[in-house]
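[1] Quick one: sequence and predicted model below, then my questions.
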Amino acid sequence: MIIGILSLLVTIVVFWVAQKCYSYKRLLIFSPVLLTPAILCTLLIVFHISYEHYNAGAKYLTDMLQPATVAFSVPLYKNARLLKQYAIEIIVSLLCGSLLAMTTSMFLAEWMHLTPEMINSLIPRSITTPIAMTVSQTIGGIPTMTAVFVLFTALVGAVVGPLLIKYGKIHNKISKGLLLGMGAHGTGTAMALEYGQEEGAIASLSVVLAGIFTLLFSLFIHF
Amino acid sequence: MKKLLNIILQIGLLFAFSIIGNGISSYLHLPISGSIIGIFLVLLCLKCKMIKLKWIEDGANWLLAILLLFFIPSAVGIIQYKDVIQSSGMRLFVVISFSTICVMASTGWIAELIRKRKGKAL
């Protein structure tokens, strides 16, 4: 019980500190999604605390993913105008993106002889965590692993995205937002906002839509 | 203080939507999570003017701003799969990196292509 409350508090504090570090110096290793789990894992190992004990308290944070997912309705509603105006670009590129994310992950993982459980956990890796974990569960993956793969995807996307935009001759605001939102979900949206308001809005739209498209595609795997 | 209370109430409202969504999902045996149904319920309510955007906007923005915090516990869960990471970490790295580059490049280029075509048509 005490360990539970403590782990909840420590998680929040470590995350807060990591965020401060990251806003002070934008280095990838300071990224809160990388630094916080790394520190917490080290603490668990050093103090011989099992994940079950840790999660007894920390799970309340995971529960917050539910209202947080519903919260995506706000950017969706507010950017309905952009969605209408660029409907073809958005829908076509995100449908292709979602399908490619799932198929390339699946075939590459199969080619590399990863276990079926891992393959299923990899398939939804390119969408926002709450939706990815649901999809993972439905298609027989391990949601916790998917969460880690999603995180890792965001990190790779954060490195690759700006390079692709620069050297891949992506000039359009809409394309930039779509590329970042589809490839690096939450982190991508934050990065897109650094390019501009419109890029950010498109990216946040992409995160929700890519999630929904992937969810729909996954139903075909399911049945 | 009033602002904090406001945000808590708004998060409560969003929570209510996800609970209703969960109810619908389990009642109809849908393979879609309740929070996704919740998104559409909120959109529907906003469209029908049953709720106002300002009733949820601050709470939603607050949740989305710290979204990353909510999946830290899941990420720490990797500790349970130490062996897997040791044995297949490198392969996972290759799959994720290659697939991400593929996805980003094609999404960006497809959007760019359609924009150019539209530009010509106009």
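    Looks like it came in fine. Numbers count the residues shown, from 1 in each chain, chains lettered A, B, ... in the order given.

[2] so where's chain B shaky on pLDDT?
    Residue ranges of chain B with pLDDT under 70: B:120-122.

[3] go again using 90 as the cut-off
    By pLDDT under 90, the low-scoring segments of chain B are B:1-3, B:25-26, B:29-37, B:39-40, B:53-54, B:61, B:64-89, B:115-122.

[4] Which SSE is immediately downstream of the helix or strand in which residue A:104 is found?
    Take DSSP states H and E as the rule and residue A:104 turns out to sit in helix A:87-111. The helix or strand immediately downstream of helix A:87-111 is helix A:116-122, counting by DSSP H and E.

[5] Which residues outside that following helix are in contact with it?
    Identification of contacts with helix A:116-122 by Cβ atoms under 8 Å, 6 or more residues apart in numbering or on different chains yields A:105-106, A:109-110, A:114, A:136, A:139-143, A:145-146, A:149, B:84, B:88, B:92, B:95-96. Yep, even glycine has a C-beta here, placed from its N, CA and C like the rest.

[6] Could you tell me which of those residues count as buried?
    Listed as buried from the contacts of helix A:116-122 are A:105-106, A:109, A:114, A:136, A:139, A:141-143, A:145-146, A:149, B:84, B:88, B:92, B:95-96; burial here means 16 or more other Cβ atoms under 10 Å in any protein chain shown.

[7] tell me the mean pLDDT over whichever strand or helix holds residue A:151?
    Element membership of residue A:151, judged by DSSP H and E, is helix A:143-167. Helix A:143-167 comes out with an average pLDDT of 88.

[8] now the angle from it to helix A:87-111?
    120 degrees (axes from the mean of the first three to the mean of the last three Cα atoms, to 10 degrees).

[9] Check which helices and strands helix A:143-167 is in contact with.
    Here helix A:143-167 touches helix A:32-46, helix A:116-122, helix A:129-138, helix A:173-195, helix B:72-76, helix B:82-121, going by 3 or more Cβ pairs under 8 Å, 6 or more residues apart in numbering or on different chains; DSSP states H and E.

[10] of the ones you listed, which approaches residue B:2 most closely?
    For residue B:2, the closest of these is helix A:173-195, at 27.9 Å, according to Cβ to Cβ.

[11] Please identify the buried residues of the closest one?
    A:173-193, A:195.

[12] Now do stretch B:109-122: everything it contacts.
    By Cβ under 8 Å, 6+ apart, the residues outside stretch B:109-122 that reach it are A:88-90, A:92-93, A:96-97, A:168-172, A:174-175, A:178-179.

[13] hang on, the earlier thing: between the helix holding residue A:151 and helix A:173-195, how big is the angle?
    Going by the same axes, to 10 degrees, helix A:143-167 makes 100 degrees with helix A:173-195.

[14] now helix A:143-167, how far from the chain's geometric center?
    Chain-centre distance of helix A:143-167: 8 Å, with Cα atoms, centre = their mean, to the nearest Å.

[15] now stretch B:102-121
    Remark: stretch B:102-121 is offset 24 Å from the chain centroid, using Cα atoms, centre = their mean.

[16] how about it: buried residues?
    Using 16+ other Cβ under 10 Å as the test for burial, stretch B:102-121 gives B:102-112, B:114-115.

[17] and the two most separated of these?
    It's B:102 and B:115 that sit farthest apart of these, by Cβ to Cβ, at 20.6 Å.

[18] Which ones among the buried residues of helix A:173-195 also lie next to chain B?
    A:174-176, A:178-180, A:182-184, A:186 (Cβ under 8 Å from any Cβ of the partner chain).
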